[in-house]
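Enquirer: Give me the fold of what follows.
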Amino acid sequence: MKAFRIFYTLLAAVAFFLFFFLIFPFFWLFIQKESWKPYGHFLNKLWAYLVFGVCFLPTQVVHQFRPSRRKSYVYCANHSSYLDIPSLAYALPGYFMFIGKASLAKLPMFGYMFRNLYIPVNRESSKSKHETLKRSMEAIRKGRSVAYFPEGTIPKHANPTMIPFKDGAFRVAIETQVPIVPVTICYNWIIFPDKSPRLITRHLMKVVIHKPISTEGLSLDDVESLKAQTYRVIEEELTKHQVR
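Expert: Just a heads-up that it's a prediction; the model follows:
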């Protein structure tokens, strides 16, 4: 079993890096103009499809709600694995802006793509967090969506229990009056756990897109209740997918 996981991990790593290197010149091209950036995001979706396909990773996207490409949303997903970003690229429609930790923007090549297509944030810096809120709201006003992992980090435990959400995504949704769309990523903590040894397990990659939560008429005084409502939706879904 461990030998198969080692082989599967090597296969996934080769597919991940090979397809990225092949696609990177097109990333570079589409980053050059603002109007071309949606095509850069499409390449991320293509990259996820190619890697999942080559690895024969079973996938399932459950739509309790089908987001419109013509509307803006604040997607809020639980975070349990480095696989979560490609999973959202795979599952969600249209061009949306990932909000990701600043360390991703420092990686060779990948970092160039990430910081030019998306929004990196240093959660230790008040200035960076303020700039992230500002850029998120600007993206929404341009008709795009944004995708947050409101836990802010991958929890340090080997199960899908979440840690408390941070405020940013909910402030953005309220100030722009766009809906929150909770997203549950069910099994990535099994497929690619954030612990040693970092071996990949072939398992169903399942994403559930929940019904939107309206922010119409809400004020910043409602941030806590909106956080609690979003947290509860995702937590209840995770509970249904507990693996003992």
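Enquirer: Now do the helices in the protein.
Expert: 2-31, 37-54, 84-91, 110-117, 126-141, 168-176, 188-191, 223-240 (DSSP state H).
Enquirer: Quick one, which of those helices gets closest to residue 103.
Expert: Proximity to residue 103 (Cβ to Cβ) singles out helix 110-117 among the helices of the chain, at 8.6 Å. Just so you know, the C-beta spots here come from the backbone N, C-alpha and C atoms, and that holds for glycine as well.
Enquirer: between the closest one and helix 2-31, how big is the angle?
Expert: Relative orientation of helix 110-117 versus helix 2-31 (axes from the mean of the first three to the mean of the last three Cα atoms, to 10 degrees): 50 degrees.
Enquirer: Show me what helix 110-117 is packed up against.
Expert: Helices and strands touching helix 110-117, by 3 or more Cβ pairs under 8 Å, 6 or more residues apart in numbering; DSSP states H and E, are helix 2-31, helix 37-54, strand 96-101.
Enquirer: any chance of the helices of the chain in TSV, plus mean pLDDT, distance to residue 208 and mean neighbour count?
Expert: Below are those laid out as TSV (pLDDT from 0 to 100; distance: least, Cβ to Cβ, whole Å; neighbours: other Cβ atoms under 10 Å):
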stretch	mean pLDDT	distance to residue 208	mean neighbour count
helix 2-31	93	23	14
helix 37-54	95	17	18
helix 84-91	96	9	22
helix 110-117	91	25	18
helix 126-141	92	23	16
helix 168-176	96	18	23
helix 188-191	94	12	23
helix 223-240	96	5	16
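Enquirer: what's the closest of the ones you listed to residue 74?
Expert: With Cβ to Cβ as the measure, helix 168-176 is the member of the helices of the chain nearest residue 74 (4.1 Å).
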